[in-house]
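In: Here's my sequence, what's the structure:
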Amino acid sequence: MPLKITVKGRASEKVLLEEYLTSKDNINLMEYLRAKNIPIASACFGDGVCQKCKITLNQNTVLSCQLMLSDLTNNDILIEVDYL
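Out: Residues are numbered from 1 along each chain as shown. Predicted coordinates for the structure are as follows:
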């Protein structure tokens with residue numbers, strides 16, 4: 001079953017992306033979101049040092065640069081970005 005990803009901005013309350021992932025490329029969540037034109041803050045270019053790329057993933061705070069798409073296992077993923 002394909003994985004459904006929904007990206008929502010907490011500040012705007014808008015749904016910024018809603019799609020089904022049919023394949024889980026070997027990239028991290030930050031790279032995936034940026035490829036979808038969703039701006040993710042980062043001063044360390046994804047090294048996990050600055051911790052500016054924090055997102056809320058199904059009510060858990062994670063660094064988007066350290067979470068691989070292949071690690072996503074739920075059928076429905078809700079990603080919330082505070083500043084969008």
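
In: pLDDT weak spots in the chain?
Out: Filtered on pLDDT under 70, the chain yields the residue ranges 1.

In: switch to 90 and redo it
Out: The chain contains residues with pLDDT under 90 at 1-3, 21-26, 45-46, 58-59, 69-77.

In: all helices of it, in order?
Out: Along the chain, counting by DSSP state H, helices occupy 29-35.

In: List the residues that contact residue 55.
Out: 29, 40, 61, 62, 63, 64, 79, 80, 81 (CB atoms under 8 Å, 6 or more residues apart in numbering). The C-beta positions use only the backbone N, C-alpha and C, and glycine is treated the same way.

In: Residue 36 contacts residue 27, correct?
Out: No: in this structure residue 36 lies outside contact range of residue 27 using CB atoms under 8 Å: 11.5 Å.

In: so who does the residue lying closest to residue 21 once chain neighbours are set aside touch?
Out: Excluding its sequence neighbours, the residue lying closest to residue 21 (CB to CB, 6 or more residues apart in numbering) is residue 3, at 4.3 Å. By CB under 8 Å, 6+ apart, the contact list for residue 3 reads 20, 21, 24, 72, 74, 75, 76, 77.

In: and what of residue 33?
Out: 7, 17, 40, 64, 79 are the contacts of residue 33 under CB under 8 Å, 6+ apart.

In: Please indicate which of those residues are buried?
Out: Listed as buried from the contacts of residue 33 are 7, 40, 64, 79; burial here means 16 or more other CB atoms under 10 Å.

In: Reformat these into CSV and put distance to residue 48 next to each item.
Out: Shown next, in CSV, are those (distance: CB to CB, whole Å):
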residue, distance to residue 48
7, 20
40, 13
64, 10
79, 18
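
In: Among these, which lie within strands?
Out: Here DSSP state E is the test, and the buried ones among the contacts of residue 33 give 7, 79 as lying in strands.

In: Nearest to residue 56 among the buried ones among the contacts of residue 33?
Out: Nearest to residue 56 out of the buried ones among the contacts of residue 33 is residue 79 (CB to CB; 7.1 Å).
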